[in-house]
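# what's the 3D shape of this:
(chains A and B)
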Amino acid sequence: MRGFGTLLLRDLAQFLPGARKGNTLLPLLFFMAVAMLYPFAIGPNPNVLAATGGGVIWVAALLAAILPLDRLLAPDLENGFFDQWALRGIAEEVVVVVRLLAHWISFGPFLMLAALPASALLGIDGATLRTVELGLLAGTPGLAAIGIIIAAVTVGLRSGGAALSGLLVIPLAVPLLIFGAGSLSTGGEGGIALTAAISLVLVSMAPFAGGAAIRAAREG
Amino acid sequence: MEAPRLAARDLACRRGERLLFRGLSLELSGGQALHVTGSNGTGKSSLIRILARLLRPYAGKVDRSGTIGLLDQTMALDEHLPLGRALAFWRRIDRWPDRDDATGERMGELGLRDLMDVPVRYLSTGQRKRAALFRLLGQGADIWLLDEPLNGLDRDAVELVEALVAQHIASGGLALVASHQPIAIAGMDVLNLPDFAPGLEA
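Reported below is the predicted structural model:
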């Protein structure tokens, strides 16, 4: 596919944590901040922390995934990149697939790494941590896909896009959260498989929904 | 190679509630250039985007053969990158040779050689325009659609753009230039867009 590798390299250079463009570290810092502040707010009772910690990690991961949304597609539309790609026959769908991959790579694996110190702060035991990590592995691609779809739908909005995308993501992410965090309760092992299934559906929908939304924004 | 061709039949364009132009037909083939004139807001940019198939016309049809190169007010260059690296992205997409004589010469001609290490966001309007021209030249497209290519350019650069367009037509290319400024290219037809604005009789 024409330009796939070139596009991916450009996207990764923009979105990987520590990349030059803006606040790429912010989602990770936000995630860690939640894990650090939660014990202060809830009190140091180890039983309470261990029982609720996994769920907190999930909520923090979801909110961290919302942070970069307003920079995901809008700058490229404003700067005419999508026009130039369209002229060269590079479909919006391809761009969205690449962007989805780069977006996931730049927060999914790093979130899973950050979950290690976070679990220590929250007093989560090894078995639960394993479930959390597996759940994040299954769920973060779905979160990334929701993020891309919402970023594409709100891409034409001049202002207020960030706040609106946050509001739009939350209801869509509820199923992932229910099954992902639900896998932590006893007898909830099937939750991970369901999370993965939801992710799969979202990831396969994202390029088409995103591509159509970007084309609609260009016509406007 | 098939000669490039750009034809439009009975185009109409509506933005919001306003009909900008209607009944516009044009037919261009390789070696021809057309200057679209009209004051601000008469639909020059919309016409260019319709011809590039980036915007759906309200009515009418666009028919073309050949690849399209577009130069408009957006640069499609990463603001935070040095110019050299921002252009390198398009070099890889369009597969132009890295450092051959023609590329180097073009770079000098456009006065970009000393700017390659400067981040795009520090470039002036004219420098950005020249960088975008460099991208357009590298693309090697048959059909050039230029939207206000002379904006922000000094006298020398204006002459350079005129020379580049003339060269492009001479080598069998096709160019459509929308500009409210006069542009001197031999044998160029003029299309005055306000002539196609819906009249009072409508």
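
# Only alpha carbons, please: show stretch B:40-54 as PDB.
This file holds the C-alpha atoms of stretch B:40-54, laid out as PDB (Å, rounded to 0.1, in the frame of the first residue of the first chain):
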ATOM      1  CA  ASN B  40     -12.700  37.700  -2.800                       C
ATOM      2  CA  GLY B  41     -15.600  35.400  -2.100                       C
ATOM      3  CA  THR B  42     -16.600  34.800  -5.700                       C
ATOM      4  CA  GLY B  43     -15.800  31.100  -5.400                       C
ATOM      5  CA  LYS B  44     -12.300  30.800  -6.900                       C
ATOM      6  CA  SER B  45     -11.100  28.500  -4.100                       C
ATOM      7  CA  SER B  46     -14.300  26.500  -4.200                       C
ATOM      8  CA  LEU B  47     -13.900  26.000  -8.000                       C
ATOM      9  CA  ILE B  48     -10.400  24.800  -7.400                       C
ATOM     10  CA  ARG B  49     -11.500  22.300  -4.800                       C
ATOM     11  CA  ILE B  50     -14.400  21.100  -7.000                       C
ATOM     12  CA  LEU B  51     -12.000  20.500  -9.900                       C
ATOM     13  CA  ALA B  52      -9.600  18.600  -7.500                       C
ATOM     14  CA  ARG B  53     -12.700  16.500  -6.500                       C
ATOM     15  CA  LEU B  54     -12.200  17.600  -2.900                       C
END
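
# is that stretch up against chain A anywhere?
Yes - with CB under 8 Å from any CB of the partner chain as the criterion, chain A is reached by stretch B:40-54 at B:52, B:53, B:54. Quick note: C-beta positions are derived from backbone N, CA and C, even for glycine.

# residue closest to the middle of chain B?
Central residue of chain B (CA atoms, centre = their mean): residue B:146, 1.7 Å from the mean position.

# Show the contacting residues for that one.
With contact set as CB atoms under 8 Å, 6 or more residues apart in numbering or on different chains, residue B:146 has these partners: B:48, B:71, B:165, B:175, B:176, B:177, B:178, B:179.

# what helices or strands is the helix or strand that contains the fourth one leaning on?
Looking back up the chat, that one is residue B:175. Taking DSSP states H and E as the criterion, residue B:175 maps to strand B:174-178. Contacts defined by 3 or more CB pairs under 8 Å, 6 or more residues apart in numbering or on different chains; DSSP states H and E place strand B:174-178 against strand B:5-15, strand B:18-29, strand B:33-37, helix B:44-51, strand B:143-147, helix B:155-170.

# mind redoing it with 7 Å?
strand B:18-29, strand B:33-37, helix B:44-51, strand B:143-147, helix B:155-170 (3 or more CB pairs under 7 Å, 6 or more residues apart in numbering or on different chains; DSSP states H and E).

# quick one, which of those is packed in tightest?
Of all the helices and strands packed on strand B:174-178, strand B:143-147 has the most neighbours on average by mean count of other CB atoms under 10 Å in any protein chain shown, namely a mean of 25.

# OK, contacts around the closest residue to chain B within chain A?
Ranked by CB to the nearest CB, the top residue of chain A for proximity to chain B is residue A:80, at 2.8 Å. Taking CB atoms under 7 Å, 6 or more residues apart in numbering or on different chains, we find residue A:80 in contact with B:72, B:74, B:75, B:76.

# Residue A:203 now?
Residue A:203 neighbours (CB under 7 Å, 6+ apart): A:100, A:141, A:142, A:145.

# which parts of chain A sit against chain B?
Within chain A, the residues that sit near chain B (CB under 7 Å from any CB of the partner chain) are A:3, A:6, A:10, A:20-21, A:79-81, A:83-84, A:86-88, A:218-219.

# Can I get stretch A:38-45 as PDB, trimmed to CA atoms?
What follows is stretch A:38-45, C-alpha atoms only, in PDB (Å, rounded to 0.1, in the frame of the first residue of the first chain):
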ATOM      1  CA  TYR A  38      -6.200   7.700  44.900                       C
ATOM      2  CA  PRO A  39      -4.600   6.300  48.100                       C
ATOM      3  CA  PHE A  40      -4.500   9.700  49.600                       C
ATOM      4  CA  ALA A  41      -8.100  10.300  49.000                       C
ATOM      5  CA  ILE A  42      -9.400   6.900  50.000                       C
ATOM      6  CA  GLY A  43      -7.100   6.300  53.000                       C
ATOM      7  CA  PRO A  44      -4.300   3.800  53.500                       C
ATOM      8  CA  ASN A  45      -6.500   0.800  54.300                       C
END
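
# start to end distance for stretch A:73-83?
Length of stretch A:73-83, first residue to last, CA to CA, to the nearest Å: 13 Å.

# who does the strand holding residue B:175 pair up with?
Strand B:174-178 pairs in its sheet with strand B:33-37 (parallel), strand B:143-147 (parallel), by DSSP bridges.

# Mean pLDDT added to those strands, as TSV?
Below are these laid out as TSV (pLDDT from 0 to 100):
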stretch	mean pLDDT
strand B:33-37	92
strand B:143-147	94
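
# Figure out which of these is closest to residue A:125.
For residue A:125, the closest of those is strand B:143-147, at 62.4 Å, according to CB to CB.
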